[in-house]
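Trainee: Here you go, sequence then predicted model.
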Amino acid sequence: MATLLAIGTAKGLFLATSADDRRSWEITGPHFPMTGVYAVAVDTRRPTPRLLAGVTSSHFGPSVATSDDLGASWDEPDAAPVAFPADTGATLGRVWQLMPAGPDEPDVVWAGTEPSALFRSTDGGRSFELVRSLWDHPHRPEWEAGFGGQAVHTVLPHPRDPARLLVAMSTGGVYRSEDAGATWAPGNTGIRAYFMPDEWPEFGQCVHKVARDAGNPERLYAQNHHGVYRSDDDGRTWSSIADGLPSDFGFPMVSHPGRANMVWTFPLVADSERFPTDHRCRVFRSADAGGKWEPLSVGLPEGPFYPAVLRDAMCADGSTPGGVYFGTRSGEVYASRDEGDSWSLVAAHLPDVLCVRAAAV
Amino acid sequence: MLLPGPLRGEAGGASRLSVTAAGTLRAVLDEVAAEHPRLARRIRDERGELRRYVNVYVDGEDCRHSGGLATPVGDDAEVQVLPSVAGG
């Protein structure tokens, strides 16, 4: 079985494949040259894995393409896969997230978009429909745009209960549904919004990324616009797990797909200084759900290092031992096949890396 | 209607389409949309507006300076689609 690493960049999608247990990689691309690929997914629930790519041309707009032959060919439906209904008056900026639902819904795929909205597909990601309940939420007029735009960037289905779903947006924060998306409630209690007059609002937080624990689906981890948090009640309340990190600012938050309590992040100095802490290329890992953190840098560049890692530019695969991957804004991609203990270079000199996703295929 | 290289794949490789609709640029683009929907959504968004960095010229005149989608298109007119100078 091979491992596929999909690398979305500012100028197209690159696909890295390893047939020797992630020791070496063959790379193809760019697929969709000169498009920003902010979202990619490898849907392994199907008999044949399906790749999904959210591509945005600065000229010709956004779309979602799918491939059922691991990227050898791509297809798009005639109608726009993700589009706002006419009565909304909105137009799709880009797709920020493509997330296959749980195993009980093999044809359901979720899409998070800019402007902040959630779309649902029931045909494996070929076409999507706006989730009206979130779009019509009374809080929506108060959701603001961050520097990267206003978007739903995180969609987390519950692995055991299809009725439960969590989304996160910048800004706006976390919203939860327990009725398959019919209604939504904010889930930001305990997350500080230092940039607002009321620093502990019901909503309005700038959550950068949320990840769900592999062993306990009630447990979530969030990297915030300053602040690193854990929830043990499926996102209702949060408490800080930033102690032990060199900074509480950053973008990604990745959980181990098969091992409880293990997460990785890539801290930056601060909102006002978006460089890796100490100008060193280091991933930080916790094996106890954020109680302690350790820096990981074996095999990573040793000299001064300035590029950031964006919110979706870090991921883990489902293999054993666990593989971890990240890409930088300077176009390097690194992989670890031992849960971060050591790293090797997969690719260099790519355009800015926007997202990575990996799976055994 | 003349198509730029990046869009020809959405029209079966054609660089030039013959359109029978006349009257306005909107009518021309609507006819093209019926035949080539993926081409059409590269040119206009879901609200039917021209995408920001796509320029359309009717007989050499930028439609944004001559009525937008209501720009008159006469018989034998030439409608040219060009990506604007944008991107990094």
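Mentor: That came in fine, so what should we check first?

Trainee: so after the longest helix along chain B, what's the next helix or strand?
Mentor: Ordering each helix of chain B by length in residues (DSSP state H) puts helix B:25-35 first. With elements assigned by DSSP states H and E, the helix or strand that comes after helix B:25-35 is helix B:37-43.

Trainee: tell me the average confidence for that following helix?
Mentor: For helix B:37-43, the mean per-residue pLDDT is 97.

Trainee: Residues touching the helix or strand following that helix, excluding its own?
Mentor: Counting by DSSP H and E, the next helix or strand C-terminal to helix B:37-43 is strand B:54-58. With C-beta atoms under 8 Å, 6 or more residues apart in numbering or on different chains as the test, strand B:54-58 has contacts from A:59-60, B:25, B:42-43, B:50, B:62-64, B:66, B:71-73, B:77-84. From N, CA and C alone the C-beta is placed, and that goes for glycine too.

Trainee: Just the ones in helices from the residues you listed, please.
Mentor: Those of the contacts of strand B:54-58 lying in helices (DSSP H): B:Leu25, B:Arg42, B:Ile43.

Trainee: so the second one touches B:Glu10, yeah?
Mentor: Yes - with contact defined as C-beta atoms under 8 Å, B:Arg42 counts as touching B:Glu10 (6.3 Å).

Trainee: When these two are compared, which one has more neighbours?
Mentor: B:Arg42 (23 against 20; other C-beta atoms under 10 Å in any protein chain shown).

Trainee: Contact partners for the more buried one?
Mentor: A:Ser57, A:His59, A:Phe60, A:Gly61, B:Leu7, B:Glu10, B:Arg51, B:Val54.

Trainee: got it, and A:Met196?
Mentor: Neighbours of A:Met196 in contact, by C-beta under 8 Å, 6+ apart: A:Gly204.

Trainee: if I look at it, how far off is A:Gly204?
Mentor: Counting by C-beta to C-beta, to the nearest Å, the separation of A:Met196 from A:Gly204 is 6 Å.

Trainee: same thing with B:Gly68?
Mentor: 37 Å.

Trainee: what does A:Phe147 give?
Mentor: 16 Å.

Trainee: Comparing the two, which residue is more hemmed in?
Mentor: A:Gly204 (19 against 9).

Trainee: Let me know whether that one touches A:Val174 as I believe.
Mentor: No - judged on C-beta under 8 Å, A:Gly204 makes no contact with A:Val174 at a distance of 11.1 Å.

Trainee: what residues does chain A put near chain B?
Mentor: A:10, A:34, A:57-61, A:63, A:76, A:78-80, A:83-84, A:86, A:89, A:91-92 (C-beta under 8 Å from any C-beta of the partner chain).

Trainee: Drop anything exposed from these.
Mentor: Taking 16 or more other C-beta atoms under 10 Å in any protein chain shown as the criterion, what is buried in the residues of chain A next to chain B is A:10, A:34, A:57-61, A:63, A:76, A:80, A:83-84, A:91-92.

Trainee: what stretches of the chain score poorly on pLDDT?
Mentor: With no chain named, the answer covers chain A. Scanning chain A with the threshold set as pLDDT under 70 gives no residue ranges.

Trainee: looking at chain B here, not the other one
Mentor: Using pLDDT under 70, chain B drops low at B:87-88.

Trainee: Residue numbers of it in contact with chain A?
Mentor: Going by C-beta under 8 Å from any C-beta, the residues of chain B near chain A are B:6-7, B:37-38, B:41-43, B:45-47, B:49, B:51, B:53-54, B:83-84, B:86-88.

Trainee: Buried subset of those, written for PyMOL?
Mentor: Selection command for PyMOL covering only the buried members of the residues of chain B next to chain A, criterion 16+ other C-beta under 10 Å:
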select buried, chain B and resi 7+38+41+42+43+45+46+51+54+83
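
Trainee: on that earlier part again, what's the overlap in contacts for A:Gly204 and A:Val174?
Mentor: A:Asn188.

Trainee: For A:His158, which residues are in contact?
Mentor: Counting by C-beta under 8 Å, 6+ apart, A:His158 has contacts A:Gly102, A:Arg164, A:Leu165, A:Leu166, A:Pro217, A:Asp234.

Trainee: likewise A:Cys206?
Mentor: Here A:Cys206 is in contact with A:Gly146, A:Ser170, A:Thr171, A:Gly173, A:Ala193, A:Phe195, A:Asn224, A:His225 (criterion: C-beta under 8 Å, 6+ apart).

Trainee: ok, 10 Å please
Mentor: A:144, A:146-147, A:168-173, A:191, A:193-196, A:224-227, A:271 (C-beta atoms under 10 Å, 6 or more residues apart in numbering or on different chains).

Trainee: likewise B:Asp45?
Mentor: A:Gly61, A:Pro62, A:Ala80, A:Ala83, A:Phe84, A:Ala90, A:Thr91, A:Leu92, A:Gly93, B:Arg51, B:Arg52, B:Val54 are the contacts of B:Asp45 under C-beta under 10 Å, 6+ apart.

Trainee: All good on my end, thank you.
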